[in-house]
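Q: any chance you could fold what I've pasted below:
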Amino acid sequence: MRKIVIILLLIIVTGKVIAQRDTIYINKNWKFLADKTAVGFTQNWYNQALIGPAIVSIPHTWNIEKSNELHYGWGWYQNGVNIPKSWKTKNIVLQFGAVNHTAIIYVNGHKVKEHIGDGFNKFSIQLQDYLNYGKQNIITVACNNNYGTKKVPYSNSFDWPNDGGIIRPVSIIVSDKPAIAYLHLESNLQLENKMGNLKLKVGFANPSNIKLQISITEENQPTRKRVYSKTITPIWEHNEAVANIQIPQINPWHFDVPNLYKVEVIVVHKNKKTDKVTANTGFKKINFDKGQCYLNGEPVRLMGVEWTAGSNPNYGLAEPASEIIRHASLMKEVNCVFSRVHFQQDDVFYDFCNRNGILVQEEIPLWGPETPPGNDTVESIAFQQLREMISNHYNHPSIMAWGVGNELSGRNLKMKQTIKKYIDTARKLDPNRFINYVSNTLNDSYYNNPKFVKDAADYGDHIMMNEYGGSWWNVPTEKVSDYLDSVHMSYPDKPFFISEFGLCEPNFKGGDERRRKDLLDHMRIYESKPYVAGAIYFDLTDYRTHYPGTEDIGKFRRRIHGVYDMYGNPKPSMKLLQTLSSPIEINDFKNQQNKTVITLQGSIGLPQYTVKGYAFYISSDTSNYKTGKRYDIPTLLPGELFQFEIDNDTKQGSILSIYRPNGYLVNQKIIDRQ
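A: All right, here's what the predicted structure looks like:
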């Protein structure tokens, strides 16, 4: 296999037609050795072949291997790559999707990069000055996943698996010079005339006299129209080549119709094309007015679920693209249009959300009250993570907000000051998105504080509140309604979102039956509060963690917190969450002679938004509900009714299944013809 990879490299660079940019993945035949006695540095493993290694493929984590399940320390990876002589004049970048949590990178024995305490951000290294051209070059990676204090999340203050390794793909990116360091797209929608405004910001390591050949094409739409094509001379702002483009009659991005546009940028220098980068964008407008959320001018109340990556013990955090997509698809199966992630995810996840319609708040993994405020090391790493996260994922239209932390003792004065610094920095890095902190300490009266002091969540653009009345909190479920009202009265001008709610067993006894009751009780409360703009159920699956919670050990230790198990198998609560998260309610069946009259209604609770382009099928085939007759549902506003008649012919089937325009099941019910 290794010979095949090297041959492919040579074919790419010696062929007659050379692309402006080539990405070569180097994920096979890595040597791996766990350093359980931490002798790798003293024995110079970075400058010699690893002795007695295992051969692994990337993504990889040693914490799903029986012999290494409980190893938290150093692990070493090594691979050899032939670099052709013809690359001497090229721009060459080595890119890691993520290494959890600390990585020290060596090329031919020379240290070229330290990426400290950041296990989930993508990072890159300029390689030109470290390579032996025309020869094999040895890449060595020392990585560490100990519960140290020089990382974010701090020490053991996080509730997900502590899987060490090169957990996401590795690639070499080759182009001519000048080369693009990054492409940032700022897209905005003018509702009054459907004009798309796009600002391109192209970063270069060494700015020079260049032109940009720009092409914009409909990406995942029924047509593939090219809506813009032009070669321009950009203006320069702070070492960025900038272009402002207007596109008339844009097709907006919406979670039910997630229209994307592919932007291709080619660098032209002295009449030569030197580099090419493509990225997708979408045009939408999200704003708030008096606490009400609007998407493209339409009032919406959002509902979704969070998935904690690394839940499947067969993969851990080293999930292949297929596993990420499988879990993201499960999110859509429970009607998710709104989510958040506690730590930075692979590009594959955001691309899925872009194409399938999930709005996301992405967060740096500052988590838990154990995180010390004002700690210079933690703050330095957190700020670096914030910069890399925003730069890496700047273009994804699915990302509606950035988060700077979760449950960090938001009433502690020193921590409040720290959180405000993160929020202020994020606003400078991306002034076009919302910035938030997620809190669980928003109500004074329940924390015996006689003097009102606002929580750090108030610094954010909207309130994001984790709510666990009746379980983790000492607030009983029957008092949650009053609790929410008191929080809203304390922050009356802020849009209000429930950022987490759910039930964890066996911490709280009662199994999935109690989970269903808890879900019903909390949704009933949220739906009665017009100021609740959205809610996120936690969690999609039972998920692996280092925290004690069950009697399981090693890679099987988990939180039983999901509507699916660790492997993605549904529990009964999954169908309940799907039904409660549906924007269409199946209200009534009435039998009239040889007909059954069925009444559908646009949801007036949570979620709440206009449904357009939906359809339903009547079928008896449980393996494919779309085998039956299709009926189109007219556009329904929240609260609007739609009635239709079907023949009482049992051959037609008795399962009613409603689908979104992008093909996901919305709601389902057995028709009663009695």
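Q: out of the helices and strands in this protein, which is least certain?
A: Within the chain, no helix or strand scores below helix 2-14, which has a mean of 33 by mean pLDDT, DSSP states H and E.
Q: mind listing what the closest residue to Val56 other than its chain neighbours touches?
A: Excluding the flanking residues, the one nearest Val56 by C-beta to C-beta, 6 or more residues apart in numbering is Phe32, at 4.7 Å. Where C-beta positions appear, they are placed from N, C-alpha and C, glycine not excepted. Phe32 makes contacts with Leu50, Pro53, Ala54, Ile55, Val56, His60, Trp62, Gly75, Trp76, Tyr77, Gly165, as judged by C-beta atoms under 8 Å, 6 or more residues apart in numbering.
Q: any idea which element Phe32 lies in?
A: strand 30-35 (DSSP states H and E).
Q: ok, now Asp512?
A: Assigning secondary structure by DSSP H and E places Asp512 in helix 511-527.
Q: beta partners for the residue nearest to Val56?
A: Judged by DSSP bridges, the bridge partners of Phe32 are Ala54, Tyr77.
Q: could you chop this structure up by domain?
A: Following automatic domain parsing, one finds the domains of the chain at 2-173, 180-281, 300-580, 584-670.
Q: so which of those comes closest to Tyr294?
A: domain 300-580 (6.9 Å; C-beta to C-beta).
Q: what pLDDT, on average, does that closest one get?
A: Mean pLDDT, domain 300-580: 95.
Q: with distance to Cys293 added, can I get the domains of the chain in TSV?
A: As requested, the domains of the chain are arranged in TSV below (distance: least, C-beta to C-beta, whole Å):
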stretch	distance to Cys293
domain 2-173	28
domain 180-281	12
domain 300-580	4
domain 584-670	10
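Q: restricting to C-alpha, output the helix holding Asp512 in PDB.
A: Output in PDB follows, covering the C-alpha atoms of helix 511-527 (Å, rounded to 0.1, in the frame of the first residue of the first chain):
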ATOM      1  CA  GLY A 511     -34.500   4.200  32.500                       C
ATOM      2  CA  ASP A 512     -35.900   5.300  29.100                       C
ATOM      3  CA  GLU A 513     -39.400   5.400  30.500                       C
ATOM      4  CA  ARG A 514     -38.300   8.300  32.800                       C
ATOM      5  CA  ARG A 515     -36.400   9.900  29.900                       C
ATOM      6  CA  ARG A 516     -39.600  10.000  27.900                       C
ATOM      7  CA  LYS A 517     -41.600  11.600  30.800                       C
ATOM      8  CA  ASP A 518     -38.800  14.100  31.400                       C
ATOM      9  CA  LEU A 519     -38.800  15.000  27.700                       C
ATOM     10  CA  LEU A 520     -42.600  15.500  27.700                       C
ATOM     11  CA  ASP A 521     -42.600  17.600  30.900                       C
ATOM     12  CA  HIS A 522     -39.800  19.900  29.800                       C
ATOM     13  CA  MET A 523     -41.100  20.400  26.300                       C
ATOM     14  CA  ARG A 524     -44.600  21.200  27.700                       C
ATOM     15  CA  ILE A 525     -43.000  24.000  29.700                       C
ATOM     16  CA  TYR A 526     -40.800  25.400  26.900                       C
ATOM     17  CA  GLU A 527     -43.700  25.400  24.400                       C
END
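Q: and the gap between Ala181 and Glu264?
A: Using C-beta to C-beta, to the nearest Å, Ala181 is found at 17 Å from Glu264.
Q: so these two - more neighbours on which side?
A: With neighbours defined as other C-beta atoms under 10 Å, Ala181 and Glu264 compare such that Ala181 has more, 19 against 16.
Q: what lies in contact with the strand or helix carrying Tyr617?
A: Secondary structure from DSSP H and E places Tyr617 in strand 615-619. Contacts with strand 615-619, where a contact means C-beta under 8 Å, 6+ apart, come from 600, 625-633, 646, 652-659, 671.
Q: after it, next one along is what?
A: In N-to-C order, the element after strand 615-619 by DSSP H and E is strand 629-632.
Q: name the strands paired with the helix or strand just after that following strand and say parallel or antiparallel.
A: Downstream of strand 629-632, the first helix or strand assigned by DSSP H and E is strand 641-647. Within its sheet, strand 641-647 is paired with strand 595-602 (antiparallel), according to DSSP bridges.
Q: could you check the angle the strand it pairs with makes with strand 615-619?
A: Orientation of strand 595-602 against strand 615-619 (axes from the mean of the first three to the mean of the last three C-alpha atoms, to 10 degrees) gives an angle of 140 degrees.
Q: in strand 595-602, which residues are buried?
A: By 16 or more other C-beta atoms under 10 Å, the buried positions in strand 595-602 come out as Thr596, Ile598, Leu600, Gln601, Gly602.
Q: helices or strands next to the helix or strand hosting Tyr437 in the packing?
A: Assessed by DSSP H and E, Tyr437 sits inside strand 434-439. With contacts defined as 3 or more C-beta pairs under 8 Å, 6 or more residues apart in numbering; DSSP states H and E, strand 434-439 has these neighbours: strand 359-363, strand 399-406, helix 413-429, strand 463-466.
Q: of the ones you listed, which is nearest Asp256?
A: Among the helices and strands packed on strand 434-439, strand 359-363 sits nearest to Asp256 (C-beta to C-beta), with 11.7 Å.
Q: which strands and helices lie in contact with the next helix-or-strand element following that closest one?
A: Once strand 359-363 ends, the next helix or strand along the chain (criterion: DSSP H and E) is helix 376-392. If you count contacts as 3+ C-beta pairs under 8 Å, 6+ apart, helix 376-392 packs onto strand 399-406, helix 413-429.
Q: so which of the ones you listed is the most surrounded?
A: Highest mean neighbour count among the helices and strands packed on helix 376-392 (mean count of other C-beta atoms under 10 Å): strand 399-406, with a mean of 25.
Q: ok so, going back, let's have the helices and strands packed on strand 434-439 in JSON lines, adding distance to Thr550.
A: Listed next are the helices and strands packed on strand 434-439 as JSON lines, based on distance: least, C-beta to C-beta, whole Å:
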{"stretch": "strand 359-363", "distance to Thr550": "26"}
{"stretch": "strand 399-406", "distance to Thr550": "22"}
{"stretch": "helix 413-429", "distance to Thr550": "31"}
{"stretch": "strand 463-466", "distance to Thr550": "22"}
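Q: and Leu519, which of these is closest to it?
A: Proximity to Leu519, assessed across those by C-beta to C-beta, is greatest for strand 463-466 (15.6 Å).
Q: returning to that earlier point: need the helices and strands packed on helix 376-392 in TSV with distance to Pro234, can you?
A: TSV is the format used below for these (distance: least, C-beta to C-beta, whole Å):
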stretch	distance to Pro234
strand 399-406	25
helix 413-429	21
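Q: rewinding a little: in the strand holding Phe32, what's buried?
A: Here strand 30-35 shows Trp30, Lys31, Phe32, Leu33, Ala34, Asp35 as buried, counting by 16+ other C-beta under 10 Å.
Q: so which of those residues comes closest to Gln213?
A: Closest approach to Gln213 among the buried residues of strand 30-35 (C-beta to C-beta): Trp30, at 37.3 Å.
Q: thought Ile166 was touching that closest one, still the case?
A: Yes. The pair Trp30 and Ile166 qualifies as a contact (C-beta atoms under 8 Å) at a distance of 7.4 Å.
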